[in-house]
Structure formats: C-alpha cells, structure tokens
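**Q** I would like the atomic coordinates for the input below:
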Amino acid sequence: MAGVLWLLLPAAAAGAATWVVYFRWKDRAKPEPWTLQLATVAVGALAVCAALLGYRAVDAFGPVVSWEALVGPWSRAVPAALAIGVVEEAAKLLPVLPIALVSKHFDELWDGPVYAGASAIGFALAETMMLAFSGELGLVDGLARALAAPITHAVFAAPWGLGLAYFVLRRDGRALALGFVASAVAHGLYDLLLARPGLQLAAAGVVLVVWLWMLWAARALLAHPGGASGGSAGR
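**A** Below is the predicted model of the structure:
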C-alpha cells in the first residue's frame, strides 16, 4: 500500500501540473496570473469537501448515489448519474464564482474555461489522492486516473465556465444556466456509461465530443480578441 502511494501521489501531482500548463498554453496570448490560477487549483481541491456535503444531502432527500446504483437498474442509475453531475459540477463552480465576480483579471470570455479548468484540476487531484489513501486505487488504474482525471474534469467544467463568463461579462444568465446543464449532463452521462458493462468506449466518446467543442470554442474566442473581451457591456 505504501509503495503504491509513493508512486501514485507524485503521478497525480504531475498529471495535474501538466494540464495546468496546457491551459496556460491555450491562454498564452494573455495569460492569467500564476498566483491566481494556482490558488484556484488549491481551492478547487478543497471543493471536494463541498461535493461530499452535496452527496450527503442527495442521499438524505434524493436518489442513492453509489457505483452500485450506476450499474443497477436504469431507473436508479440515471437519477444517480445526474446527481453526480450536478453535485460535482456545482462544487467545482463554487471556487470560480468569487474570481469571476470580483477579480479584474476575469475580463475575457475565455477566462471562464481557464479558471473552470483550474478548479476542476484541483478537484480531480484531491479526488485521486482521497481514493489512493482509501486504498481504492491499484497502481495501474491509479496511474491512468492521475493522467486522465484532471483533463476529464476540466473538459466537463468548460461549458459552465464559458457560461459564467457570458453571465459576468455580457449579463447573459441563460448562458450560465445552459452551460451548467450541459456540464452536469455530460459528466453524469460519462459516469453512467463508464459504469455500464460494454459502454466504456462510449464514455470516452463523451469526453472527446466535449473536448472538441472546447477546442473549437477556444479557437473561435482567441482568434477574435474583441469578441473574447467583455467590452463595454461588461462590468
């Protein structure tokens, strides 16, 4: 157990760092402050606690959320998957809200996915460490998760990140609502397909589709700086 942890924890940290650098590279034309981005990663890690509280509330008043529920009858699996998507995406959103509402650096539409990605990467890192310390990860699946979990969480956070930017900079509340629904549904669908026997490839397809959308959005926004800015209609 100790030997596995000595390998998994540095791998998880390296995986998180790799994807933080990736998002900074995508944002290289006007990068966000390192300190603020890393602080968002750190607070995103703490957001796992908010997710745990959310799961307790769901278990008390809503569907049972567990891996067994996801592999059980569809009538239990679908509500459980949607609950996972809503709880975890809401938890990742919480650390980004004060930055979006207060920070002068949150001044472009693409900043939404950048800070959403930072929060999501921190969340994924904390989640991986929590699973590693609980003994739920072996070496092989742990190493795979260390690389894949940060970008998977970041990709699913991108729609609400962009929606949040439209809400703050363009006063478009519908964009935030639509983005959050897209993130929660994509996240829940991914977990549902991943849990069902024979549907794991389809789960990877969900990540790929949302990632391609994110790349398209990044290219569109960053290719037209004027369109990416909040402009006079912002704050």
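
**Q** Do a quick rundown of the helices in this protein.
**A** When assigned using DSSP state H, the helices of the chain occupy the ranges 2-26, 34-61, 67-71, 74-93, 96-102, 111-133, 139-170, 173-195, 200-223, 225-228.

**Q** So which bits of the fourth one are buried?
**A** Same thing as helix 74-93. 76-93 (16 or more other Cβ atoms under 10 Å). For the C-beta atoms, the positions are set from N, CA and C on the backbone; glycine is no exception.

**Q** which of the helices of the chain sits most buried?
**A** helix 111-133 (a mean of 26; mean count of other Cβ atoms under 10 Å).

**Q** tell me what that one is packed against?
**A** Counting contacts by 3 or more Cβ pairs under 8 Å, 6 or more residues apart in numbering; DSSP states H and E, helix 111-133 packs against helix 2-26, helix 34-61, helix 74-93, helix 96-102, helix 139-170, helix 200-223.

**Q** if we go to 10 Å?
**A** Where contact means 3 or more Cβ pairs under 10 Å, 6 or more residues apart in numbering; DSSP states H and E, helix 111-133 is packed against helix 2-26, helix 34-61, helix 74-93, helix 96-102, helix 139-170, helix 173-195, helix 200-223.

**Q** Now do the longest one against helix 200-223: the angle between them, please.
**A** Angle between the axes of helix 139-170 and helix 200-223 is 40 degrees (criterion: axes from the mean of the first three to the mean of the last three Cα atoms, to 10 degrees).

**Q** quick one: contacts for the closest residue to residue 163 other than its chain neighbours?
**A** Nearest residue to residue 163, sequence neighbours excluded (Cβ to Cβ, 6 or more residues apart in numbering): residue 179, at 2.4 Å. Each residue near residue 179 by Cβ atoms under 10 Å, 6 or more residues apart in numbering is listed here: 89, 93, 112-113, 116, 157-167.

**Q** among those residues, which two are most distant?
**A** Pairwise distances across the contacts of residue 179 (Cβ to Cβ) peak at 16.5 Å, for the pair 89 and 166.

**Q** Lowest-scoring secondary structure element of this protein by mean pLDDT?
**A** Ranked by mean pLDDT, DSSP states H and E, the weakest helix or strand in the chain is helix 225-228, scoring a mean of 53.
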